[in-house]
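*Asks:* Sequence and computational prediction follow.
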Amino acid sequence: MEENKQIINHFKKFTNSFDVSVSVSKVEEYWKNENMYRTLLEVDILSKAKLKMMLNSIASKWQVHPDEYLASKTMDDCKIHIPNLYMIIVNLAD
């Protein structure tokens, strides 16, 4: 639980810095790696510039899908800048 709080606090720092409305809907331990986590974020539709800048500050590489963005340490050259976070899925809310 303490690790979940730390991950959520890291996201709050990023979202506050970029004035983006994001809620963390899930933080769970990643089944393949002990002490590694995956998180699911819900993002209100907002200016693409703000969202893109915020995402690029969180991870170095993102896959873009119609309703979500995905960053994972399994992607080539993807570095996630939040400790112990293995995967991030960002859902774009309507």
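*Replies:* Received, thanks. Numbering: from 1, shown residues only.
*Asks:* now the helices for the protein?
*Replies:* Ranges of helices in the chain, per DSSP state H, are 2-18, 48-58.
*Asks:* Parallel or antiparallel, list what pairs with the worst-scoring helix or strand of the chain on mean pLDDT.
*Replies:* Using mean pLDDT, DSSP states H and E, the weakest-scoring helix or strand in the chain turns out to be strand 37-43, at a mean of 74. Partners of strand 37-43 in the sheet, by DSSP bridges, are strand 22-29 (antiparallel), strand 85-92 (parallel).
*Asks:* Point out the most buried one among those.
*Replies:* strand 85-92 (a mean of 20; mean count of other CB atoms under 10 Å). C-beta: built from backbone N, CA, C; applies to glycine.
*Asks:* Assess the claim that H81 and I58 are in contact.
*Replies:* Yes - between H81 and I58 there is a contact under CB atoms under 8 Å: 5.9 Å.
*Asks:* what about the two, which has more around it?
*Replies:* I58 (21 against 13; other CB atoms under 10 Å).
*Asks:* where in this structure is pLDDT low?
*Replies:* 1, 22, 31-33, 36, 44-49, 93-94 (pLDDT under 70).
*Asks:* repeat that with 90
*Replies:* 1-55, 65-69, 82-94 (pLDDT under 90).
*Asks:* Need the residue closest to the centroid of it.
*Replies:* I88 (4.1 Å; CA atoms, centre = their mean).
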